[in-house]
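Peer 1: sequence? don't have it. structure:
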């Protein structure tokens with residue numbers, strides 16, 4: 001028997017038009033799942049939490065999708081974008097479609113394998129608990145948005161727009177900020193192996209979707225996020241650019257859980273130092289300028305830009 005049956009009008013965040021949509025299924029339950037109470041307790045205990053936002057997100061196993069839930073590629077369904085019919089309950093929480101994410105993963109993982117040397121492809125094999133990893137990765141990522149000057153306040157304040165137009169680089173940096181903060185929550189709340197799986201999944205998702213987009217449509221679905229993540233990890237000397245037989249590839253310094261945990265904590269510390277303190281500046285504009293300067297500095301790093309492009313584009317050329 002299904003736990004929920006939502007029927008009404010829905011639109012995805014990137015579109016304006018609503019359409020009749022149906023969603024049926026069961027809430028995902030598994031040992032080791034980070035539930036809302038656990039993540040919100042960790043969020044509230046964090047020194048950079050302002051008390052303005054909490055996680056309202058539940059992973060789900062969908063048994064039936066209809067309308068926008070079926071036709072759109074999004075796997076995150078927003079409660080505020082759903083208008084229930086008279087016979088349907090409203091969505092109380094945002095939802096992550098675990099099975100759709102898992103299906104997407106099976107198609108994308110090969111794009112990451114293509115840019116890794118053979119001795120690093122064990123990252124894919126390490127994702128033994130894929131459904132649980134997907135669920136927990138989304139939960140900690142959501143919490144990552146809510147530290148310091150949180151994403152909901154930014155949206156309300158018009159932080160992501162300049163003269164009425166969407167400032168995509170600021171959105172990309174917000175996604176990086178959430179990723180890096182999320183690594184800290186995962187390292188804190190999960191056993192080493194489970195936390196490392198979240199790290200591997202995130203890296204392979206960011207880099208795999210980027211390569212897939214370049215290969216198939218000549219677009220970057222995540223924009224600057226994969227490069228900015230690469231820059232952080234390359235500066236830590238955890239990800240390097242290697243070359244073998246004319247092929248450039250990404251080389252990880254280690255896949256040992258203990259080493260990965262250290263890097264995850266370092267990523268969270270980088271976010272805390274470089275991306276979270278913007279709340280202390282005087283205005284929304286000051287925050288945006290600080291973020292723009294962060295992005296600009298990394299885009300001017302010609303050596304790392306070139307290395308990242310060679311890995312991604314060379315692999316695409318040889319597909």
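Peer 2: Yes, it's here. Computed from a predicted model, the values in this text were never measured in an experiment.
Peer 1: wait, what's in contact with residue 196?
Peer 2: Applying Cβ atoms under 8 Å, 6 or more residues apart in numbering, we find residue 196 in contact with 126, 255, 257, 260, 261, 264. Heads up, the C-betas are built off the backbone N, CA and C, glycines and all.
Peer 1: can you give me the offset of the helix or strand hosting it from its chain's centre?
Peer 2: Taking DSSP states H and E as the criterion, the element that holds residue 196 is helix 192-217. With Cα atoms, centre = their mean, to the nearest Å as the basis, helix 192-217 stands 9 Å off its chain's centre.
Peer 1: Following element in sequence after that helix, please.
Peer 2: helix 225-235.
Peer 1: Buried residues, that following helix. List them.
Peer 2: Under the neighbour-count criterion of 16 or more other Cβ atoms under 10 Å, helix 225-235 has 225, 226, 227, 228, 229, 230, 231, 232, 233, 234 buried.
Peer 1: Same list (those residues) but as a markdown table, adding pLDDT and distance to residue 172.
Peer 2: As requested, these are arranged in a markdown table below (pLDDT from 0 to 100; distance: Cβ to Cβ, whole Å):
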| residue | pLDDT | distance to residue 172 |
| --- | --- | --- |
| 225 | 98 | 5 |
| 226 | 96 | 9 |
| 227 | 97 | 9 |
| 228 | 98 | 7 |
| 229 | 98 | 10 |
| 230 | 97 | 13 |
| 231 | 98 | 12 |
| 232 | 98 | 13 |
| 233 | 98 | 16 |
| 234 | 98 | 17 |
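Peer 1: Turn the residues you listed into a markdown table, columns for distance to residue 51.
Peer 2: Converted to a markdown table, the buried residues of helix 225-235 look like this (distance: Cβ to Cβ, whole Å):
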| residue | distance to residue 51 |
| --- | --- |
| 225 | 27 |
| 226 | 32 |
| 227 | 33 |
| 228 | 28 |
| 229 | 28 |
| 230 | 33 |
| 231 | 31 |
| 232 | 28 |
| 233 | 31 |
| 234 | 35 |
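Peer 1: how about the strands in this structure?
Peer 2: Along the chain, the segments classed as strands by DSSP state E run 4-10, 19-27, 57-66, 76-77, 82-84, 94-97, 161-162, 165-166, 239-244, 247-252.
Peer 1: Direction included, what does the fifth one pair against?
Peer 2: In its sheet, strand 82-84 lies beside strand 4-10 (antiparallel), with partners assigned from DSSP bridges.
Peer 1: Point out where the stretch 201-319 of the chain drops to low pLDDT.
Peer 2: Low-confidence segments of the stretch 201-319 of the chain, defined by pLDDT under 70: 278-282, 314-319.
Peer 1: switch to 50 and redo it
Peer 2: Applying pLDDT under 50 to the stretch 201-319 of the chain flags no residue at all.
Peer 1: returning to that earlier point: in helices only, show me the contacts of residue 196.
Peer 2: 126, 257, 260, 261, 264 (DSSP state H).
Peer 1: and the third one, how far is that from residue 235?
Peer 2: In other words, residue 260. To residue 235, residue 260 is 17 Å away according to Cβ to Cβ, to the nearest Å.
Peer 1: just residue 35 next, same as before
Peer 2: Residue 35 is 34 Å from residue 235, by Cβ to Cβ.
Peer 1: Residue 15 too?
Peer 2: 37 Å.
Peer 1: ditto for residue 61
Peer 2: Separation of residue 61 from residue 235 (Cβ to Cβ): 39 Å.
Peer 1: go on, residue 249?
Peer 2: 19 Å.
Peer 1: got it, and residue 67?
Peer 2: 44 Å.
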